[in-house]
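Trainee: Starting from these lines, generate the structure:
(one chain, ligands or ions: 1)
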Amino acid sequence: MINTQPDKEAVDLSKFPVDRIRNFCIVAHIDHGKSTLADRLLEMTGAIAKTEKNKQVLDKLQVERERGITVKAQTASLFYHHKGQQYLLNLIDTPGHVDFSYEVSRSLSACQGVLLIVDANQGIQAQTVANFYLAFEAQLAIIPVINKIDLKNADPDRVESQIEKVLDIPKEECIRISAKLGMNVEKVLQAVVERIPPPTGSIDEPFKALVFDSNFDHYRGVVANIAVVGGRVNKGDKIVSAHLGKTYEVNELGLLRPDEHPTQKLFAGQVGYMVAGMKDVKEAQIGDTLHLQNQPVEALPGFKPAKAMVFAGMYPVDQSEYPALRSAMERLTLNDSSVTVQKDSSLALGAGWRLGFLGLLHMEVFNQRLEQEYNASVIITAPTVPYKAVLSSARLIKNRRAVQKNMVYIDDQRVMMKYLFPLNEIVVDFYDLLKSLSSGYASFDYENAGYQAADLIKMDILLNGQPVEELTTIIHRTRSYSSGKAMCERLKESIPRQMFEIAVQAAIGSKVIARETIKPYRKNVLAKCYGGDITRKMKLLKKQAEGKKKMRRVGNVDVPKDAFISVLKRKEK
Ligand SMILES: Nc1nc2c(ncn2[C@@H]2O[C@H](COP(=O)(O)OP(=O)(O)OP(=O)(O)O)[C@@H](O)[C@H]2O)c(=O)[nH]1
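Mentor: Below is the predicted model of the structure:
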């Protein structure tokens, strides 16, 4: 293979007519080797040097490197020689975990095909099936790739049979590789050219591009990732966002290889980035259509908004950090449009937001990115799931526990089961439980099946008979006793003794279901002051008064803000 990687200045994108372009994603279950294969493809086409240091180069975020998982889809344009012709391959590496499947579905909209990677030892897993259906429904060409054939326990024959049985893809279409050793990776590149169709647009149409991702650069403003569906765009052109109707001048255009590589133009079928003086994050809607000024086009269908599954409150640790946190949140939600944001406030924690996430890992990663990329420190409250309440005298009638929907044997060792679960039962620790019960063998994926009636109740927490609104929770009746007890115990640990006895109670309506008592105690700050040094006494009393400012008064009980945080914060695993 001769791979001439054009240098920075030499890229002439007009040399790549649409029929010599391939846009594809790599999709797979978590850890099946997407990012490792992406590294090999980048190396083989000369986009990056082959060194030990270049590992998972498309996992650029600190959180991705620390956790060893992909959370953001990344794009890289590769140049590849095949049968005497040079091709432009646009690769998008996507996350594997179910919480980031929104990234996958968005990325697929910029592609005509996928490489579906399956681990030769683990075989088909939950997200293999979920990702297969995303690609299948988007009518993309699917190339099954069996990875890690170098492993001692690899069983590619069995995995091929699974692929044929469960996904209905003929065995013969599978490519067996070791991404780690680079074995057979060349065959993957050949299959991309031969089996994935080129994009359909034409260079002669009016310019039309889909914004499929974007992020915020401190100096340049919004950097949008675009897929040019038709026509061409030049640096300096005036373009219009179909969503807002605003006009911008194109300041910068280029390819991602995977670093930014400026060009003068982008043509139909190409995928790249654009900077067009959008200074406000609200101007770069993901899913928006861009066209030339005075050449309006029909807007592309865009993306279905992501459906948040888990909600949590987010507050600055110190209220003076609110404006800085707001701008950090706006910028991060531009890069992760699946997070929903609503303003909220709490007496105990001040002004903040109620955020919606696709799952618990998504929430943790968002929090970590805020800290690492924006230096923000936040308090996250206990995650909850959405409920619909029926306001009538009729009770919500029956608790729907898991209901089995179907069961398919993948082979003699594996079975795929579908259940209907209450979301509240699965979002918090179900995945961990499943992994430990199955010694790590089971995998899990879920989608929203709508609202179901359930026996839910509102549980209040009372301090000396006064309800504490921040701690009210909606909970399944069968869980209320254990949860109420745990919350009372945690509050007892966090509220300091005061001059009188404090009753900490959990209650359903007027019925108390758990109680702890905090014994009276008076902290006499003057106890150690012998004699009559009045200035020293005043100092100590002033310090005590300042301490009280950090308290929230519930009835006659002073509760330190930290107490709310420790009770509200979900328990660390
Ligand atoms: N033995 C062997 N290990 C591999 C191979 N390909 C990948 N791995 C290892 O499998 C692990 C997961 O690989 P990644 O490339 O991070 O997997 P991924 O699918 O990108 O993971 P997510 O993006 O988090 O879903 C890493 O430890 C890799 O070194 C292979 O061909 N053989």
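
Trainee: Do you have the helices of this protein handy? List them.
Mentor: For the chain, the helices defined by DSSP state H occupy 34-44, 62-67, 101-108, 126-137, 156-167, 185-195, 322-335, 360-374, 423-427, 430-437, 480-494, 534-549, 561-568.

Trainee: buried sites along the fourth one?
Mentor: Buried residues in helix 126-137, defined by neighbour count with 16 or more other C-beta atoms under 10 Å: 126-132, 134-135. For the C-beta atoms, the positions are set from N, CA and C on the backbone; glycine is no exception.

Trainee: and which of these is nearest to the ligand?
Mentor: Set against the ligand, the nearest of those by C-beta to the nearest ligand atom is Gln127 (8.2 Å).

Trainee: Next, count neighbours for the residue nearest to Ser202 when sequence neighbours are not counted.
Mentor: Closest residue in space to Ser202, ignoring its immediate chain neighbours: Ala268 at 5.8 Å, by C-beta to C-beta, 6 or more residues apart in numbering. Counted with other C-beta atoms under 10 Å, residues neighbouring Ala268 total 25.

Trainee: OK, contacts around Ala268?
Mentor: 18, 199, 201-203, 205, 228-232 (C-beta atoms under 8 Å, 6 or more residues apart in numbering).

Trainee: among these, which two are most distant?
Mentor: Pro199 and Arg232 (13.5 Å; C-beta to C-beta).

Trainee: Looking at these two, which is more packed in?
Mentor: Neighbours per residue (other C-beta under 10 Å) separate Pro199 from Arg232, with Pro199 holding more: 23 against 19.

Trainee: how about the more buried one, what does it touch?
Mentor: Pro199 neighbours (C-beta under 8 Å, 6+ apart): 18, 21, 23, 112, 229, 268-269.

Trainee: Read off the pLDDT value for the closest residue to Val18 other than its chain neighbours.
Mentor: Distances taken as C-beta to C-beta, 6+ apart place Gly269 nearest to Val18, at 4.1 Å, with adjacent residues excluded. pLDDT, Gly269: 90.

Trainee: wait, which of the buried residues of helix 126-137 is closest to Tyr80?
Mentor: Ala135 (21.6 Å).

Trainee: Tell me if I'm right that that closest one and Leu116 touch.
Mentor: Yes - applying C-beta atoms under 8 Å as the test, Ala135 and Leu116 come out as touching, 6.9 Å apart.

Trainee: any common contacting residues for these two?
Mentor: 27, 142.

Trainee: Hmm, His476 is touching Asp455, no?
Mentor: Yes - taking contacts as C-beta under 8 Å, His476 lies within contact range of Asp455: 6.5 Å.

Trainee: Neighbour count for the two, which is higher?
Mentor: Relative neighbour count places His476 above the other of His476 and Asp455, with 16 against 13, counting by other C-beta under 10 Å.

Trainee: Show me what that one is bridged to.
Mentor: Leu456 (DSSP bridges).

Trainee: That one and the ligand: what is the separation?
Mentor: Using C-beta to the nearest ligand atom, to the nearest Å, His476 is found at 32 Å from the ligand.

Trainee: Kindly report the same for Val567.
Mentor: Per C-beta to the nearest ligand atom, Val567 is found 33 Å from the ligand.

Trainee: roughly how far apart are that residue and Phe24?
Mentor: 48 Å (C-beta to C-beta, to the nearest Å).

Trainee: contacting residues for Thr200?
Mentor: Counted by C-beta under 8 Å, 6+ apart, Thr200 has contacts Val18.

Trainee: Next one, pLDDT for it please.
Mentor: 88.

Trainee: what about the nearest residue to Ala227 once chain neighbours are set aside, neighbour count?
Mentor: Excluding its sequence neighbours, the residue lying closest to Ala227 (C-beta to C-beta, 6+ apart) is Ala110, at 3.9 Å. Residues near Ala110, counting by other C-beta under 10 Å, number 23.

Trainee: Settle this for me: Ala110 is touching Val229, isn't it.
Mentor: No - look at Ala110 against Val229 with C-beta under 8 Å: they stay out of range, at 9.2 Å.

Trainee: what do these two both touch?
Mentor: Leu210.

Trainee: The stretch 151-300 of the chain against the ligand: which residues are in contact?
Mentor: Within the stretch 151-300 of the chain, the positions adjacent to the ligand are 151, 178-180 by C-beta under 6 Å from any ligand atom.

Trainee: try 8 Å
Mentor: Within the stretch 151-300 of the chain, the residues that sit near the ligand (C-beta under 8 Å from any ligand atom) are 151, 177-181, 183.

Trainee: Give me the buried subset of these.
Mentor: Here, 16+ other C-beta under 10 Å leaves 177-180 buried among those.

Trainee: Could you check how far Met309 is from Pro383?
Mentor: Taking C-beta to C-beta as the measure, Met309 falls 10 Å from Pro383.

Trainee: Of the two, which one has the most company?
Mentor: Taking neighbours as other C-beta under 10 Å, Met309 and Pro383 compare with Met309 leading, 23 against 20.

Trainee: Quick check, that one in contact with Leu360.
Mentor: No - applying C-beta under 8 Å as the test, Met309 and Leu360 come out as separate, 9.1 Å apart.

Trainee: Identify the residue spatially nearest to Asn367, adjacent ones excluded.
Mentor: Counting by C-beta to C-beta, 6+ apart, the residue nearest Asn367 is Ile380, at 5.9 Å.

Trainee: which residue packs closest to Leu471, ignoring adjacent ones?
Mentor: Ile461 (4.0 Å).

Trainee: How about Gly254?
Mentor: Using C-beta to C-beta, 6+ apart, the nearest residue to Gly254 is Pro262, at 4.2 Å.

Trainee: Tell me where the model's unsure across the stretch 101-250 of the chain.
Mentor: Within the stretch 101-250 of the chain, the stretches with pLDDT under 70 are 101-104.

Trainee: I'd like the distance between the closest residue to the ligand within it and Gln162.
Mentor: Residue of the stretch 101-250 of the chain nearest the ligand, by C-beta to the nearest ligand atom: Lys180 (3.3 Å). For Lys180, the distance to Gln162 equals 22 Å [C-beta to C-beta].

Trainee: Also Ala126?
Mentor: Distance from Ala126 to Gln162, by C-beta to C-beta: 13 Å.

Trainee: Repeat that for Leu471.
Mentor: For Leu471, the distance to Gln162 - C-beta to C-beta - is 48 Å.

Trainee: more crowded one of the two?
Mentor: Leu471 (23 against 20).

Trainee: Just give me the neighbour total for Tyr374.
Mentor: For Tyr374, the count of nearby residues is 16 (other C-beta under 10 Å).

Trainee: how about it, what does it touch?
Mentor: 328, 331-332.
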